[in-house]
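>>> got a structure for you, letters missing:
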């Protein structure tokens, strides 16, 4: 069951299960459990996959992700880091 974000209260723990669900189909070479500590580089996501993941995140949360080589998103290490950045975007959008 996916967590529901309370309006105005974006929470990394609430975002994480949905983000894992979004990422899971793209984790081609990773047999382990996906969680906050999972290293993005270890799960077999290529740049094309990541762009699709970003599109899915934008659609799910109604945010615009500025993805380019120099952006914060290109420096993410773990799924938890990714969830934290989404949380910041949702907070900015909702004024939280």
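Perfect, I can see it now. On a predicted model such as this, the values are computed, not experimentally measured, just so you know. Residues are numbered from 1 along each chain as shown.

>>> pretty sure residue 62 contacts residue 89?
No. Residue 62 is beyond contact range of residue 89, at 9.5 Å (criterion: CB atoms under 8 Å). Placement of C-beta: from N, CA and C, glycine included.

>>> neighbour count winner among the two?
Legend: neighbour count by other CB atoms under 10 Å for residue 62 and residue 89, higher for residue 89 (21 against 11).

>>> Against residue 92, how distant is the residue nearest to that one when sequence neighbours are not counted?
Nearest residue to residue 89 in three dimensions, chain neighbours excluded: residue 63, at 4.2 Å (CB to CB, 6 or more residues apart in numbering). Separation of residue 63 from residue 92 (CB to CB, to the nearest Å) stands at 8 Å.

>>> Neighbour count for the two, which is higher?
Shown here are residue 63 and residue 92; by other CB under 10 Å, residue 63 has more neighbours (17 against 11).

>>> how close does the more buried one sit to residue 43?
Distance from residue 63 to residue 43, by CB to CB: 22 Å.

>>> and residue 22, how many neighbours does it have?
19.

>>> rewinding a little: what sits against the residue nearest to residue 89?
Listed by CB atoms under 8 Å, 6 or more residues apart in numbering, the contact set of residue 63 reads 57, 86, 89-90, 92-93.

>>> What of residue 32?
Here residue 32 is in contact with residue 38 (criterion: CB under 8 Å, 6+ apart).

>>> wait, is it part of a helix?
No. Counting by DSSP: H, G, I helix; E, B strand; the rest coil, residue 32 falls outside a helix, being coil.

>>> What is the neighbour count of residue 65?
A count of nearby residues for residue 65, using other CB under 10 Å, gives 18.

>>> what sits against it?
Applying CB under 8 Å, 6+ apart, the residues near residue 65 are 54, 57-58, 73, 89.
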